[in-house]
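# Quick one: sequence plus predicted model below, questions after.
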Amino acid sequence: MDAISFVFLFLFLITPLSYCLTTLVLIPRPCNGTSKVRSLPPGPPPLPLLGNLLWLPPSFSRIGTLFAHLRAAYGPTVTLHIGRRPAIFFMDGHVAQAALIHQSSAFARRPQALGTSRALGSNVHTVNMTDHGPHWRLLRRALTSVALLPRARQWALEALVDDLTSAGAAGENEVSPTEIFARALFRLFSLLCFGEELEESTLWAVREAQVGIISLAVKLSVFNLLPKIVLVVFWRRWMKLIRLRRRLDDLLIPIIRARSRDQLAVKEIPRCRSMASYLDALLGVELEDEVRRRRLTEEEIVNLCSEFINASTETTSAALQWIMANLVKQPHVQDKLVAEIASVMGANKQTVEEEDIKEMEYLKAVVLEGLRRHPPAHLLLPHTVAEEREVDGYVIPRGAVVNCSVAEIGRDEAVWKEAMEFRPERFMVGGEGEGVDLTGVRGIKMMPFGAGKRLCPGMGMAMLVLQYMVANLVWRFRWVEVAGKEVELAEEPGLTVAMKHPFLARLVPRAP
Ligand code: HEM
């Protein structure tokens, strides 16, 4: 720590620390009057001043163990006192359904943005931070209007196959595909976002800024409970975060302006070099504020595009990585999948298309099993309630932070036989996952995309991308485990849960 940081630490941190800790942050405070506290869901007894802070594992990577332990000790609905408001976790599909589906509007709210998100501007209209209401509906509609056109996905697939082939040629056919998947999906979702292929230098500069923002925001988010202290002690990281956010503005605002000019000119010049995109939909959005109708600002559009690319790329590439790793580890599942593809395609067709995918039940089962066993997000984004509600016989007080343990629910041994095994057959006729409903309306057995009003609006697109990529990747190459470098399925939690040890595979091109 340098001298300036030390002075800041002494002047601004030490003196107010005891006040902050005791009055603002660490005292668990009921939000609904003392009589209701008795009816909160059970949980570890909070310590004076510290609440349940000591219950949190030292590393985020052990959060899964924490939920398993809490569930065994207290049942499927648990309260933790971590910040100013109680945090309530649902760890069972029935309880999650009772809240997110049967009381969907009440549980569709988000808590107020935390310090880091506010500084990045995401309280100004990103889909996930906009309160449940007409603006949020308009933004979700803009997102769900984006179509995954065949030429877009074909272009992304060919780039991915080229990258895998070059990586294989450079490494005697041994490939570490994790980063290659992430780049291919970043390309694809950027195309869907902006409607045109960005120049390579711009594309990768946007990715660098996005990845930098996410990793700094994750590091700083630990301190979201104490935002002012973050500013003082971690001011270098903070300034870097602000610089990266400005860099993103510098990169994206020219694209937004050019696209907006194109839209104005579209009446006279039919546009053919590009395709309809999320950005086009956003440029058309008219919000109705209290006093006037207005278009989205450039800053809001930057936030929304950035959210679109992050929310889609990180999750989908993590899911693709887990699915392909399991197909390498279990060659009999890969062979069964290839046999299904061959039966639908005939031997000579090179690319599996959307209409082929519709006939492939086992392909869908493989993707569902990947999402059940390895959900990219182990928790939902936090929800809250504006009014006191009741779930599972307990009071959920107004303003409580509410979340669901997605991973626990998808691995519940009471619902899934040998839940930790990767076995796509469970989704076929007669299996315990047959006809599973990903929206949760007909019951929640797994919820990789959430459930209820805040259900992921990219679910349909993500399912199509995953089925399309998995089918074509195994149709083009045989994915073989490398002797001595076996696939390990350990998890590395972060914003999304990726593989702790990215897998290696030998890629053998299949005869055309
Ligand atoms: C395998 C891929 C994906 C997974 C597992 C996933 C998962 C999730 C989850 C768990 C949530 C939180 C739901 C809640 O808080 O209740 C969410 C929200 C969201 N996702 Fe996804 N997602 C995926 C792909 C996508 C894609 C492709 C897009 C965009 C094209 C997207 C955009 C969003 C947005 C904007 C939200 C916030 C919705 C809201 O608050 O109303 N996601 N997603």
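Everything's here; your move. Numbering: from 1, shown residues only.
# so where's the stretch 51-200 of the chain shaky on pLDDT?
For the stretch 51-200 of the chain, applying pLDDT under 70 flags the ranges 51-64, 83, 113-124.
# Residue numbers of it in contact with the ligand?
By Cβ under 6 Å from any ligand atom, the part of the stretch 51-200 of the chain that sits against the ligand consists of V127, N128, R140, L143. Every residue, glycine included, has its C-beta placed from N, CA and C.
# Run through the residues that contact the third one.
If a contact means Cβ atoms under 8 Å, 6 or more residues apart in numbering, then R140 has V127, P457 as its contacts.
# Please report the distance of the residue nearest to M446 when sequence neighbours are not counted from the ligand.
Take M446 and drop its neighbours on the chain: the residue closest to it by Cβ to Cβ, 6 or more residues apart in numbering is G410, 4.1 Å away. Distance from G410 to the ligand, counting by Cβ to the nearest ligand atom, to the nearest Å: 11 Å.
# Provide a list of residues in contact with G410.
G410 is in contact with L371, R372, R373, P375, W416, A419, K445, M446, M447, P448, counting by Cβ under 8 Å, 6+ apart.
# And these, which is closest to the ligand?
P448 (4.6 Å; Cβ to the nearest ligand atom).
# out of the residues of the stretch 51-200 of the chain next to the ligand, who's nearest G458?
The closest of those to G458 turns out to be L143 (Cβ to Cβ; 7.0 Å).
# Just give me the neighbour total for that closest one.
Residues within reach of L143, counting by other Cβ atoms under 10 Å, total 21.
# what does I255 give?
By other Cβ under 10 Å, the residues close to I255 number 21.
# How about the contacts made by it?
So I255 contacts F194, L198, T202, L279 (Cβ under 8 Å, 6+ apart).
# same thing with I88?
By Cβ under 8 Å, 6+ apart, the neighbours of I88 are L40, P41, T77, V78, T79, I396, A400, V401, V402, N403.
# Would you quantify the distance from the closest residue to V218 other than its chain neighbours to the ligand?
Nearest residue to V218 in three dimensions, chain neighbours excluded: L495, at 5.8 Å (Cβ to Cβ, 6+ apart). As judged by Cβ to the nearest ligand atom, L495 and the ligand stand 11 Å apart.
# Please tell me I have it right and L495 contacts I214.
Yes. The pair L495 / I214 is scored as a contact, 6.0 Å apart, by Cβ atoms under 8 Å.
# Between these two, which contacts overlap?
In contact with both L495 and I214: E314, using Cβ under 8 Å, 6+ apart.
# Quick check: which element contains the residue nearest the centre of the chain?
With distances taken as Cα atoms, centre = their mean, T315 lies nearest the centre of the chain, 4.6 Å away. For T315, the host element (DSSP states H and E) is helix 298-329.
# Output the contacting helices and strands for the helix or strand that comes right after that helix.
Following helix 298-329 in sequence order, the next helix or strand is helix 331-345 (DSSP H and E). Packing contacts for helix 331-345, counted by 3 or more Cβ pairs under 8 Å, 6 or more residues apart in numbering; DSSP states H and E, involve helix 298-329, helix 354-357, helix 361-373, helix 459-476, strand 477-480.
# Could you count how many residues lie near E196?
For E196, the neighbour count with other Cβ under 10 Å is 18.
# again but with G168, I slipped
Counted by other Cβ under 10 Å, the residues lying close to G168 total 19.
# Tell me which residues of the host helix or strand of W204 come out buried.
W204 belongs to helix 200-221 when elements are defined using DSSP H and E. Within helix 200-221, the residues that qualify as buried are 203, 205-207, 209-214, 216-217, 220, counting by 16 or more other Cβ atoms under 10 Å.
# Could you save those residues as a markdown table and add columns showing distance to the ligand and pLDDT?
Output for the buried residues of helix 200-221, formatted as a markdown table (distance: Cβ to the nearest ligand atom, whole Å; pLDDT from 0 to 100):
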| residue | distance to the ligand | pLDDT |
| --- | --- | --- |
| L203 | 17 | 95 |
| A205 | 21 | 96 |
| V206 | 16 | 96 |
| R207 | 16 | 95 |
| A209 | 19 | 94 |
| Q210 | 14 | 91 |
| V211 | 17 | 90 |
| G212 | 21 | 90 |
| I213 | 16 | 87 |
| I214 | 15 | 83 |
| L216 | 21 | 80 |
| A217 | 16 | 76 |
| L220 | 21 | 66 |
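# Can you pick out the most distant pair from these?
Greatest spacing in those, by Cβ to Cβ: L203 and L220 (26.2 Å).
# What separation do you get for W238 and Q330?
According to Cβ to Cβ, to the nearest Å, W238 and Q330 sit 45 Å apart.
# and T79, that one's in a strand?
Yes. The assignment for T79 by DSSP: H, G, I helix; E, B strand; the rest coil puts it in a strand.
# Name the nearest of the buried residues of helix 200-221 relative to I256.
Checking the buried residues of helix 200-221 against I256 with Cβ to Cβ, the nearest one is V206 at 12.5 Å.
# With adjacent residues omitted, what lies nearest to that closest one?
Nearest non-adjacent residue to V206, counting by Cβ to Cβ, 6+ apart: L251, 5.3 Å away.
# correct me, but that neighbour touches L203?
No. In this structure, L251 is not within contact of L203 by Cβ under 8 Å, at 9.5 Å.
# tell me the pLDDT at the residue nearest to R510 when sequence neighbours are not counted?
In space, and not counting its chain neighbours, R510 is closest to R478: 5.9 Å by Cβ to Cβ, 6+ apart. R478 is assigned 96 on the pLDDT scale.
# which ones are touching R478?
Counting by Cβ under 8 Å, 6+ apart, R478 touches Q334, L507, V508, P509, R510.
# Distance of the residue in the chain positioned nearest to the ligand relative to G370?
In the chain, the residue that lies nearest the ligand is G458 (2.2 Å; Cβ to the nearest ligand atom). Using Cβ to Cβ, G458 is found at 16 Å from G370.
# more crowded one of the two?
A direct count of neighbours by other Cβ under 10 Å for G458 and G370 places G370 higher, at 26 against 21.
# from memory that one sits against W322, does it?
Yes. The pair G370 and W322 passes the contact test of Cβ under 8 Å, sitting 5.3 Å apart.
# Out of the contacts of R478, give me the two with the largest separation.
Q334 and P509 (14.7 Å).
# Neighbour count for those two, which is higher?
Q334 (20 against 13).
# nearest spatial neighbour of that one, skipping sequence neighbours?
Using Cβ to Cβ, 6+ apart and skipping residues adjacent in sequence, the residue nearest Q334 is L327, 4.4 Å away.
# The one you found and V338 touch, don't they?
No. Counting by Cβ under 8 Å, L327 does not reach V338; the two are 9.8 Å apart.
# Mind putting the helices and strands packed on helix 331-345 into JSON lines with distance to H69?
Formatted as JSON lines, the helices and strands packed on helix 331-345 follow (distance: least, Cβ to Cβ, whole Å):
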{"stretch": "helix 298-329", "distance to H69": "24"}
{"stretch": "helix 354-357", "distance to H69": "40"}
{"stretch": "helix 361-373", "distance to H69": "20"}
{"stretch": "helix 459-476", "distance to H69": "30"}
{"stretch": "strand 477-480", "distance to H69": "36"}
